[in-house]
Structure formats: structure tokens, C-alpha cells
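# Provided below for reference: sequence and predicted model.
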Amino acid sequence: IEWLDNQEKYVEDALGNLDVWLPTRGCPGPVEIDLNEKITLVVIDTQWFLHKGNKPEQGNDCGVTSITEVAELLQDILKRNAHKKVVVTSHHPMYTYGIHGGVFSLKDHLFPLTASKKLKNLYVPLPVVGSIYPFYRKIFGNIQDVTHPIYKQFRDGMVQIMRRHPDIVHAAGHEHALEHIQKEGMHFVVSGSGSKNNAHVKQKGEALFAQNTIGYARLDYFENGKVTLTFITPEAGEPKELYSTILSDKPFPPSPSELLSEFDPDQYMDTTVVFAASLKYHNKSKFHEGLFGENYRDEWAAEVEHPVFDIGTVKGGLKILKKGGGHQTISLRLEAVDGKQYVLRSLDKNPALTLPPNLRRTFIKGIVQDGISSSHPYAPLVIPPLADAAGIFHANPEIYYIPDDPRFGIYREEFANTLALFEERANKEQISE
């Protein structure tokens with residue numbers, strides 16, 4: 001990680017301290033960049049999924065600790081940008097017809113020693129024996145190949161999420177070649193030969209273009225929504241077009257209507273609702289309570305009066321930035337007109353993500369869910385006065401009832417008719433004060 005930090009610092013210093021190394025600090029991302037009102041760029045560090053050495057994980061500043069959380073954030077970004085054209089970029093391609101995809105030349109089979117950097121000029125023919133290594137890479141792969149199980153796991157997850165977006169392109173490097181692949185209803189661009197082109201690639205399968213030529217790919221977006229891909233190579237000091245095609249001719253969809261301006265601002269202002277935190281843990285049998293504990297079941301089921309959360313008036317009006325991470329709660333990051341950020345987090349918890357996938361649909365999930373009743377639903381409200389007395393920096397949580405509010409957009413269904421904890425989002429400047 002220290003080497004990566006040094007590399008990041010070197011590159012950004014050389015470019016005048018521009019914040020161009022994304023994601024930063026060895027984090028996986030995804031990082032969302034609005035290129036304009038109609039196009040969004042998403043950057044993911046896929047090496048994070050494959051790296052076996054030290055990397056930011058538990059307790060890091062990345063905001064994620066698992067591949068599941070990265071997938072959730074990517075899914076959230078694509079949902080919020082469903083009305084825009086999106087480019088997702090990563091180092092590793094989803095598909096390739098080069099050596100990382102198990103495609104080897106006749107030379108690789110006959111003169112396998114040339115694959116080594118130290119022995120690249122040693123042309124010793126080893127027929128039959130020389131095919132062992134290429135076949136291994138094709139069938140099993142090392143961890144940098146698309147056939148490797150770990151690689152396939154993150155690849156399949158990313159493709160499954162990306163294919164739901166109506167107008168998306170994935171661009172990558174890794175393979176030192178130029179490739180255009182159309183698969184899963186999407187376009188995949190490989191542009192990894194900007195400095196060298198030592199990869200053998202083959203135009204086969206879903207590959208519409210594949211060459212191991214020095215060059216780069218260019219995506220052009222036009223006012224009418226048309227998107228074109230062009231591969232360019234240098235020739236006699238001039239750019240030469242190798243390949244050009246239309247990736248999309250869909251017009252830019254209209255932006256979603258501004259719900260805040262259409263909504264009655266007085267509908268939820270200064271209103272309250274009597275509501276229980278959760279009824280999941282109430283009315284259990286004596287045997288159940290004897291086995292799993294009485295806990296705070298009555299407190300979870302108690303009907304308490306709560307203010308209704310009016311996203312248009314709380315803190316002067318709030319804008320949803322994105323969905324937050326977390327193993328057991330769903331949360332939203334919000335921003336007020338003064339730039340201050342807040343977090344809205346579900347009061348009840350869903351511990352399913354803390355379980356191995358094969359246990360999430362079994363009775364084990366119910367047992368773990370019932371364990372939430374051992375915590376008091378309103379315990380967070382006790383923290384501020386205790387922290388004040390001890391002189392400890394703290395947030396100031398409030399509990400609100402979230403109505404079925406269309407201003408929540410794609411998050412409406414998840415939050416409607418629930419209780420949520422609302423508090424400031426602490427930052428380093430606040431803590432230092």
C-alpha cells in the first residue's frame with residue numbers, strides 16, 4: 001500500500017497536484033464523476049478484488065470492506081444515473097480474446113520459453129510439452145486471467161449489475177491490445193496498448209475487432225445521443241484510424257422531473273405519527289423467549305410519537321447524494337443547501353449480509369434477526385448527554401418517521417413507512433475543532 005501511495009503522490013505532483021488518481025489510497029471505489037448533465041464516468045480499482053497482499057479492508061477510510069459492498073455502491077450509482085449515458089472503467093476487462101482470455105499463438109505452444117521476460121529470445125522448440133502452460137492458462141488461469149475463479153466472481157457480478165443499465169459502455173486495459181467486444185447486450189472496450197502491444201489477440205467469438213497494435217480507443221458522444229468508438233494508431237507521426245463504429249444511437253433521455261418543486265411543501269411540515277420501531281420481535285412464545293431471551297421486544301413494539309421527516313424542510317431542505325454502505329442498515333447520505341452533510345439510517349436492522357450467502361435463506365437468518373431485539377431501539381438517543389458530560393465529540397441523532405414520499409426517488413420503496421435515525425455526518429474538520 002505504501003508503494004501505491006508513493007506512486008499516487010508522484011503522478012499527482014507531476015501533474016500539478018491534480019486529483020487524477022482514482023480511486024485513491026488503494027481503495028476499490030467505485031468513484032462517480034459527472035462529466036456533464038448527460039454523461040457519468042465510473043472508476044473501479046479491480047485489482048483490489050484480486051490482490052492477495054495488504055490492501056485497505058476492515059477499518060479503512062474507503063467506506064467498503066467487501067466485494068458485496070462495492071457491488072451495492074455500483075448498483076446504486078447506476079440506478080441514480082439511469083437517465084444518463086454511463087462509462088464504467090477498470091484496469092481489468094470483463095472479456096478478452098488475448099492471453100488473459102486463454103488465447104495463445106502457435107509460437108506460444110512451440111516456443112514457450114519466450115513467454116518469460118528473461119528468456120524471450122530463447123527459441124527452443126518444445127512441441128507438446130510447450131502446450132501445457134497455455135492450456136493451464138486457458139482452463140484454470142492465474143489470478144489475472146478471466147478464467148480464474150476469483151476473477152470470474154467479480155467479473156460476473158459487475159456484468160450482472162451493468163447489464164441493467166439502458167446505455168452503458170465498459171472500458172479497460174490489462175490486455176496489451178485493442179479490442180471491441182459486444183456481449184450481454186453491452187459494449188466492452190479494451191485499450192491496453194498505449195505503450196506496448198505484446199499480447200496475442202484473435203478476432204473470434206463476440207469480438208468485433210481485435211488487434212495487437214500500438215494505439216488507443218476514443219469514445220465520442222454527440223448532442224443527439226450517438227456514441228462512437230474509434231481505435232487510433234500512430235503512423236509516421238500522425239494519427240491513423242484503425243476501426244470506427246457506432247455503439248449507441250439512443251437519444252439522451254429527458255432528465256427526471258424535479259420532484260421537490262412539484263411536491264406540496266406543507267404536506268409533512270410539523271406533523272407527527274405514532275409508530276412502532278418494529279413488530280418483528282413481539283408476540284413470541286414463552287419457549288422462544290426462554291430460549292432466545294426476553295430482550296427489548298416490548299420496546300421495539302411500543303407505539304411512540306415521532307416527527308415526520310420532510311426532506312424539503314429539514315435543515316432547510318436536503319438533497320440525496322447517494323446510498324451509504326453498511327452491513328445491517330440501509331442509509332442515505334444527504335446534503336443541505338449550506339453544504340453540510342447528514343446521514344439517514346434505518347432504525348431496524350437486517351443482519352442477512354453478515355451471514356455467508358448459503359445461510360441467508362435458512363432459519364439461521366431468522367435467529368440472527370431475532371437477536372436484534374437484544375439491543376434497545378432508542379439507545380442512540382442516550383449517547384449525546386453522556387458524551388457531553390464526558391467531553392466527547394458526538395453526533396446528535398434524531399428519530400423520524402419516513403413517509404411514502406415520492407421525493408425519495410429510487411429509494412422510496414426501501415424507506416417508506418419506516419423509522420430512521422437522522423444525524424450529522426462527521427468529517428475531519430469537525431473532529432479537529
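Good, I have the coordinates.
# for the most centrally placed residue in the chain, what are its contacts?
In the chain, the residue lying closest to the centroid (C-alpha atoms, centre = their mean) is residue 74, at 2.8 Å. Taking C-beta atoms under 8 Å, 6 or more residues apart in numbering, we find residue 74 in contact with 30, 42, 44, 88, 158, 161, 162. For the C-beta atoms, the positions are set from N, CA and C on the backbone; glycine is no exception.
# okay, helices next: where are they in the chain?
Secondary structure of the chain (DSSP state H): helices located at 2-14, 47-50, 67-80, 106-110, 132-139, 149-162, 259-262, 286-292, 297-301, 363-370, 383-390, 412-415, 428-432.
# any chance of those in JSON lines, with mean pLDDT and distance to residue 194 too?
Shown next, in JSON lines, are these (pLDDT from 0 to 100; distance: least, C-beta to C-beta, whole Å):
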{"stretch": "helix 2-14", "mean pLDDT": "85", "distance to residue 194": "15"}
{"stretch": "helix 47-50", "mean pLDDT": "90", "distance to residue 194": "18"}
{"stretch": "helix 67-80", "mean pLDDT": "87", "distance to residue 194": "26"}
{"stretch": "helix 106-110", "mean pLDDT": "67", "distance to residue 194": "23"}
{"stretch": "helix 132-139", "mean pLDDT": "70", "distance to residue 194": "24"}
{"stretch": "helix 149-162", "mean pLDDT": "91", "distance to residue 194": "23"}
{"stretch": "helix 259-262", "mean pLDDT": "53", "distance to residue 194": "44"}
{"stretch": "helix 286-292", "mean pLDDT": "85", "distance to residue 194": "60"}
{"stretch": "helix 297-301", "mean pLDDT": "87", "distance to residue 194": "58"}
{"stretch": "helix 363-370", "mean pLDDT": "82", "distance to residue 194": "48"}
{"stretch": "helix 383-390", "mean pLDDT": "89", "distance to residue 194": "53"}
{"stretch": "helix 412-415", "mean pLDDT": "84", "distance to residue 194": "42"}
{"stretch": "helix 428-432", "mean pLDDT": "47", "distance to residue 194": "37"}
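# mind naming the longest strand for the protein?
The strand that spans the most residues within the chain, counting by DSSP state E, is strand 238-248.
# list the helices and strands that strand packs on?
strand 178-183, strand 207-211, strand 227-235 (3 or more C-beta pairs under 8 Å, 6 or more residues apart in numbering; DSSP states H and E).
# what strands line up against the first one, and which way round?
When you say that, I think you mean strand 178-183. strand 186-191 (antiparallel), strand 207-211 (antiparallel) (DSSP bridges).
# what's the burial count for the closest residue to residue 255 other than its chain neighbours?
Nearest residue to residue 255, sequence neighbours excluded (C-beta to C-beta, 6 or more residues apart in numbering): residue 83, at 5.9 Å. Neighbour count of residue 83, defined by other C-beta atoms under 10 Å: 15.
# surely residue 83 touches residue 225?
No: Residue 83 lies out of contact with residue 225 (C-beta atoms under 8 Å); the separation is 12.0 Å.
# give me the buried positions along stretch 401-420.
Using 16 or more other C-beta atoms under 10 Å as the burial criterion, the residues of stretch 401-420 that qualify are 401, 402, 403, 405, 407, 408, 411, 415, 418, 419, 420.
# and the strands in the stretch 251-400 of the chain?
272-276, 303-307, 318-323, 331-336, 341-346, 398-402 (DSSP state E, counting those that start in this stretch).
# picking up where we left off before, please work out which of the helices and strands packed on strand 238-248 is packed deepest.
Of all these, strand 178-183 has the most neighbours on average by mean count of other C-beta atoms under 10 Å, namely a mean of 22.
# outside of that one itself, list whatever touches it.
93, 95-98, 187-193, 201, 205-213, 215-217, 229, 231, 242-243, 245.
# what angle separates that strand from strand 227-235?
160 degrees (axes from the mean of the first three to the mean of the last three C-alpha atoms, to 10 degrees).
# so how far is residue 268 from the closest residue to residue 270 other than its chain neighbours?
Once flanking residues are discounted, residue 270 sits nearest to residue 307: 8.0 Å by C-beta to C-beta, 6+ apart. Look at residue 307 and residue 268: by C-beta to C-beta, to the nearest Å, they are 9 Å apart.
# the two: which is more packed in?
Taking other C-beta under 10 Å, residue 307 and residue 268 do not tie; residue 268 has more neighbours (24 against 16).
# list the residues that contact that one.
Residue 268 sits next to 308, 309, 310, 313, 403, 405 when contact means C-beta under 8 Å, 6+ apart.
# now the two most distant members of those.
Farthest apart among the contacts of residue 268 by C-beta to C-beta are 313 and 403. That separation is 12.9 Å.
# rewinding a little: now tabulate the strands paired with strand 178-183 in TSV and tack on distance to residue 426 and mean pLDDT.
Listed next are the strands paired with strand 178-183 as TSV, based on distance: least, C-beta to C-beta, whole Å; pLDDT from 0 to 100:
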stretch	distance to residue 426	mean pLDDT
strand 186-191	39	95
strand 207-211	49	93
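# among these, which is nearest residue 322?
strand 186-191 (23.2 Å).
# so the closest one versus helix 149-162, what angle?
130 degrees.
# kindly export strand 186-191 (C-alpha atoms) in PDB.
Below are the C-alpha coordinates for strand 186-191, written out as PDB (Å, rounded to 0.1, in the frame of the first residue of the first chain):
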ATOM      1  CA  MET A 186     -23.300  -4.300 -23.900                       C
ATOM      2  CA  HIS A 187     -20.100  -2.900 -25.500                       C
ATOM      3  CA  PHE A 188     -16.800  -3.800 -23.900                       C
ATOM      4  CA  VAL A 189     -13.700  -1.900 -25.000                       C
ATOM      5  CA  VAL A 190     -10.100  -3.000 -24.300                       C
ATOM      6  CA  SER A 191      -7.500  -0.300 -24.800                       C
END
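# okay, the angle between that strand and strand 238-248?
Using the same axes, to 10 degrees: strand 186-191 against strand 238-248 is 160 degrees.
# check contacts around residue 405.
263, 268, 309, 311, 412, 416.
# equivalent analysis for residue 303, please.
274, 275, 276.
# per-residue confidence for the residue nearest to residue 338 when sequence neighbours are not counted?
What sits nearest to residue 338 in space, not counting adjacent residues and going by C-beta to C-beta, 6+ apart, is residue 316, at 7.1 Å. At residue 316, the model reports a pLDDT of 87.
# what do you get for residue 126?
At residue 126, the model reports a pLDDT of 73.
# tell me how far the residue nearest to residue 426 when sequence neighbours are not counted lies from residue 184.
Of all residues not flanking residue 426 in the chain, residue 395 sits nearest, at 6.2 Å (C-beta to C-beta, 6+ apart). Note on residue 395: its distance to residue 184, by C-beta to C-beta, is 43 Å.
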